[in-house]
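Visitor: this is the structure alone, sequence omitted:
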Ligand SMILES: Cc1cn([C@H]2C[C@H](O)[C@@H](COP(=O)(O)OP(=O)(O)O[C@H]3O[C@H](C)C(=O)[C@H](O)[C@H]3O)O2)c(=O)[nH]c1=O
């Protein structure tokens with residue numbers, strides 16, 4: 001597998017090696033030691049799967065203080081996946097990284113703790129699969145406004161379909177330092 005840094009050093013793009021043959025293909029989607037050596041030093045405790053139709057946008061979500069690191073990938077279809085650095089004191093606070101994850105490239109994005117995460121579906125439908133290094137804690141969940149002008153994400157879908165929770169997402173400027181994770185350096 002190859003692991004690339006992104007414009008935000010802690011966010012990693014993982015490109016698993018795909019073994020194709022006349023039967024189909026095989027790839028390792030996780031390997032504790034190799035991922036640890038590549039800087040993804042997480043002990044995953046929960047796997048999630050969601051299916052969404054074209055134009056659905058889920059995000060921008062984070063848990064705080066019980067923050068979750070997420071290793072995200074797409075089993076079917078394609079999404080534009082985004083990680084936003086919202087760690088107070090981070091040199092890249094408010095900056096975002098966006099990548100296309102799809103069933104062909106089988107790329108994964110490592111979204112560390114302290115980042116808001118979201119994606120929009122750019123295929124007819126997408127099956128989204130991810131590992132989390134902390135359990136779901138709804139009482140700690142926060143939804144940040146998907147089109148917050150202070151973040152300025154260039155979403156490839158102009159009128160996405162959102163949950164009520166995400167329609168009511170909070171602009172970053174309305175959050176105070178106690179609402180957000182701290183940069184650990
Ligand atoms: C996240 C989660 C949800 N649920 C239940 C709660 C609701 O009854 C239902 C749908 O939840 P929600 O609308 O929050 O699902 P998403 O909008 O896909 O949320 C996720 O969206 C973005 C992409 C993220 O990064 C997070 O993992 C997560 O916030 O599943 C659970 O039972 N366990 C869970 O871990």
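Guide: Right, received. Where do you want to start? Computed from a predicted model, the values in this text were never measured in an experiment.
Visitor: what residue lies at the spatial centre of the protein?
Guide: The centroid of the chain falls nearest to residue 117 when counting by Cα atoms, centre = their mean (4.3 Å).
Visitor: now do it against the ligand, distance only.
Guide: Residue 117 sits 4 Å away from the ligand, going by Cβ to the nearest ligand atom, to the nearest Å. C-betas here are computed from N, CA, C, even on glycine.
Visitor: tell me the mean pLDDT over the biggest helix by length in the chain?
Guide: Using DSSP state H, we find that the single longest helix of the chain is helix 32-37. Mean pLDDT, computed over helix 32-37, is 97.
Visitor: same check on stretch 113-126?
Guide: In this model, stretch 113-126 has an average pLDDT of 98.
Visitor: same check, this time on stretch 163-176
Guide: In this model, stretch 163-176 carries a mean pLDDT of 96.
Visitor: which residues in the protein form strands?
Guide: For the chain, strands defined by DSSP state E occupy the ranges 2-5, 12-15, 19-21, 24-26, 46-53, 57-63, 70-76, 78-85, 96-102, 108-111, 115-121, 125-132, 141-143.
Visitor: got those strands as JSON lines, with distance to residue 40 columns?
Guide: Below are these laid out as JSON lines (distance: least, Cβ to Cβ, whole Å):
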{"stretch": "strand 2-5", "distance to residue 40": "8"}
{"stretch": "strand 12-15", "distance to residue 40": "6"}
{"stretch": "strand 19-21", "distance to residue 40": "21"}
{"stretch": "strand 24-26", "distance to residue 40": "21"}
{"stretch": "strand 46-53", "distance to residue 40": "15"}
{"stretch": "strand 57-63", "distance to residue 40": "18"}
{"stretch": "strand 70-76", "distance to residue 40": "7"}
{"stretch": "strand 78-85", "distance to residue 40": "13"}
{"stretch": "strand 96-102", "distance to residue 40": "15"}
{"stretch": "strand 108-111", "distance to residue 40": "5"}
{"stretch": "strand 115-121", "distance to residue 40": "13"}
{"stretch": "strand 125-132", "distance to residue 40": "10"}
{"stretch": "strand 141-143", "distance to residue 40": "23"}
